[in-house]
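Asker: Quick one: sequence and predicted model below, then my questions.
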Amino acid sequence: MGFRSAQDRALANALFWPYVFSIVKTLNVLTLPALVSRSVESFPDLPAFAFVGGQSMTFADCDLTVRETSRKLSGLGVTRGDRVAILSENMPNWAVAYLATTTMGAVAVPILPDFTEVELANIIEHAGVRLIFVSRRLAPKIAELKNLTKITLDDFSGLPEADAAAPATADASDSVGNPTEDDLAAIIYTSGTTGNSKGVMLTHKNIVSNVEAARPIAEMVPGECMVSILPLSHTYECTIGMLVPFSAGVSVYYLEKPPSPTVLMPALEKIKPHLMLSVPLFIEKIYRARVAPKLQGSPVLRVACKVPPLRKILHRAAGKKVMAVFGGRLHFFGIGGAAVAPDVEQFMRDAGFPYAVGYGLTETAPLLAGCGPSDTVFRSTGPALEGVEIRVAQPDPDTGEGEIQARGPNIMRGYYRDDERTTETFTEDGWFRTGDLGTIDERGRVFIKGRLKNMILGPNGENIYPEEIEAVINAKPLVDDSLVMQKESELIALVNLNIDSFKEYLGEMSANVTDEVDRLRAEAEVFLGDLRDKVNAELRSYSRITRFIPQIEPFEKTPTMKIKRYLYESRHGAT
């Protein structure tokens with residue numbers, strides 16, 4: 001069902017009034033069992049989770065499977081407070097494993113699939129995991145780990161048979177006990193490196209309060225659907241992409257393969273989602289592959305794009321084609337995890353694309369600020385969520401910029417087994433230090449400038465934000481990504497070009513591989529020299545780049561597609 005106007009949405013609310021009425025009931029206790037019970041009572045026959053093209057699991061089906069799985073975990077000796085890991089690609093059973101673990105009072109430890117075997121071993125040891133749900137594809141990564149109960153997530157093989165004495169409708173809490181708001185629900189690891197393992201402890205209240213505050217932003221209607229493309233092991237997707245739709249009667253569809261264009265495009269056509277969550281890179285790639293080349297390929301269109309009224313007309317026409325890519329029913333496209341490139345955000349605004357930018361961290365469960373598409377302001381992440389307070393600490397008297405700090409029911413308990421780091425992360429008066437620099441306007445809207453640790457001090461004390469320079473570079477044709485750093489008092493930029501587009505730009509290439517590589521390197525040096533001049537013309541004098549260095553291989557990135565800066569700063573001797 002697609003909603004083209006406020007009237008359509010009002011009609012849908014009227015049609016679904018029993019569901020809508022039930023969903024606005026306030027939870028008496030902010031725990032995952034309470035959230036699950038409310039959704040199952042409200043939407044028993046609606047689909048909750050499915051693979052694209054697969055059989056749907058209704059909310060009632062999900063509830064029965066969750067309860068049965070909880071009892072089986074109890075039969076294996078899992079008790080309240082025990083750590084249960086989940087290592088898997090996205091699938092409906094991921095949600096079941098997470099809910100079965102947390103609703104029985106145990107602690108879920110979601111692990112990112114791309115962690116190495118060494119990192120996995122470190123996390124499992126650090127968290128004291130006693131049982132792990134693992135997909136068949138990833139099972140070889142933990143084959144050498146001993147004294148660990150392993151359950152195959154694809155079909156739950158490894159769990160004991162159901163106890164005939166325990167009926168399927170029995171409450172899982174009968175065998176374990178209901179968790180309280182202050183009990184741990186999850187420990188999320190943002191790194192698996194020895195000595196740097198940051199296990200973020202999130203309580204039931206942290207997570208469920210964030211679900212309750214975030215849900216109204218997307219204006220979800222029961223029976224709508226979304227396609228999941230981000231890893232569930234990341235808090236962003238787990239809370240906002242799984243638990244929020246579950247609380248609203250919205251069905252979530254998962255891909256059985258990584259979301260490459262050949263996999264994702266048919267899925268979008270089939271499901272025609274009403275809602276999606278993404279990181280900036282996803283929509284930026286669509287813009288740079290499908291929109292920018294056509295607008296920049298003609299001298300007339302290039303000139304027209306510099307005239308705001310004409311630019312809006314062109315962007316609006318292109319936006320209709322982008323909407324068609326998503327199936328035509330999209331009314332909410334949430335973006336988080338990193339900053340959106342300014343030119344891409346300008347396109348989405350002009351095109352009427354229903355995007356919304358949110359801001360948060362794993363430590364904040366995750367959302368701190370955000371708003372719906374109709375309230376989105378250019379370059380802002382929106383105001384603080386209901387119940388959350390945000391302040392700028394020690395703002396610069398000239399720019400108003402300072403560290404963003406927050407407090408509220410969604411702020412983590414601390415880092416697991418790391419009291420020193422926990423203490424450092426909170427101020428003396430109890431505010432969480434995000435490590436991000438930004439401002440807040442008179443209406444309470446947050447604007448993020450960059451990471452405090454990434455900021456570079458200019459020759460005369462100016463604040464230089466690499467992220468802002470990178471946005472200028474990345475907007476140029478043929479550029480896939482870039483990273484700006486300081487080396488010996490100079491600013492340098494690593495630039496990764498789109499090799500296929502660059503070859504097309506150069507024209508006919510030599511059949512000899514060696515000759516082709518040599519020519520590519522030589523032409524890249526010339527191209528980057530010209531690019532540096534064009535970029536510097538748009539920058540303040542103290543932010544200009546001295547050298548552009550070709551980055552041959554794509555940058556290594558985090559699950560939310562942020563470049564792992566520390567790797568490249570170390571390699572290039574950044575200061």
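Answerer: Sure thing, it's come through.

Asker: nearest spatial neighbour of residue 354, skipping sequence neighbours?
Answerer: Using CB to CB, 6 or more residues apart in numbering and skipping the chain neighbours, the partner closest in space to residue 354 is residue 373 (4.1 Å). No exception for glycine: its C-beta is placed from N, CA and C like everyone else's.

Asker: From what I see, the one you found and residue 356 are in contact.
Answerer: Yes. At 5.0 Å, residue 373 counts as touching residue 356 under the criterion of CB atoms under 8 Å.

Asker: Against residue 218, how distant is the residue nearest to residue 354?
Answerer: 9 Å (CB to CB, to the nearest Å).

Asker: got any residues that touch both of those two?
Answerer: Here residue 373 and residue 218 share the contacting residues 332, 356, scored by CB atoms under 8 Å, 6 or more residues apart in numbering.

Asker: all helices of the stretch 1-150 of the chain, in order?
Answerer: Using DSSP state H, counting those that start in this stretch, the helices of the stretch 1-150 of the chain run over 6-15, 17-23, 32-42, 59-75, 92-103, 117-127.

Asker: among the ones you listed, which is the most enclosed?
Answerer: helix 92-103 (a mean of 26; mean count of other CB atoms under 10 Å).

Asker: Report the distance from it to the chain centre.
Answerer: Offset of helix 92-103 from its chain centre (CA atoms, centre = their mean, to the nearest Å): 19 Å.

Asker: Quick one: list the elements packing against the helix or strand harbouring residue 500.
Answerer: Using DSSP states H and E, residue 500 maps to helix 499-506. Using 3 or more CB pairs under 8 Å, 6 or more residues apart in numbering; DSSP states H and E, the elements in contact with helix 499-506 are helix 513-536.

Asker: before we move on, back to that, between the helices of the stretch 1-150 of the chain, which one is closest to residue 161.
Answerer: For the helices of the stretch 1-150 of the chain, the distance to residue 161 is smallest for helix 59-75, at 8.2 Å, taking CB to CB.

Asker: Residue 142: how many residues sit nearby?
Answerer: Neighbourhood size, residue 142 [other CB atoms under 10 Å]: 18.

Asker: still on that earlier bit, kindly reformat the helices of the stretch 1-150 of the chain as TSV containing mean pLDDT and distance to residue 381.
Answerer: Below are the helices of the stretch 1-150 of the chain laid out as TSV (pLDDT from 0 to 100; distance: least, CB to CB, whole Å):
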stretch	mean pLDDT	distance to residue 381
helix 6-15	55	24
helix 17-23	48	26
helix 32-42	98	25
helix 59-75	98	32
helix 92-103	99	27
helix 117-127	94	30
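
Asker: what's the residue nearest to residue 354 in contact with, if anything?
Answerer: 331-333, 354-356.

Asker: if I look at the closest residue to residue 340 other than its chain neighbours, how far off is residue 339?
Answerer: Counting by CB to CB, 6+ apart, residue 340 lies nearest to residue 280, which is 4.5 Å off, once chain neighbours are set aside. Distance, residue 280 to residue 339, by CB to CB: 7 Å.

Asker: do residue 109 as well
Answerer: For residue 109 relative to residue 339 (CB to CB), the value is 29 Å.

Asker: likewise residue 437?
Answerer: Applying CB to CB to residue 437 and residue 339 gives a distance of 12 Å.

Asker: How about residue 70?
Answerer: On the measure of CB to CB, residue 70 and residue 339 end up 40 Å apart.

Asker: Next: residue 543.
Answerer: Counting by CB to CB - residue 543 and residue 339 are separated by 16 Å.

Asker: circling back: now the helix holding residue 500: mean pLDDT?
Answerer: Mean pLDDT, helix 499-506: 85.

Asker: Check which residues of that helix are buried.
Answerer: By neighbour count on 16 or more other CB atoms under 10 Å, the buried set for helix 499-506 is 501-503.

Asker: burial count for the residue nearest to residue 462 when sequence neighbours are not counted?
Answerer: Leaving aside its chain neighbours, residue 462 sits nearest to residue 542 (4.7 Å; criterion: CB to CB, 6+ apart). By the measure other CB under 10 Å, the count of residues near residue 542 is 15.

Asker: What is the three-state secondary structure of residue 542?
Answerer: helix (DSSP: H, G, I helix; E, B strand; the rest coil).
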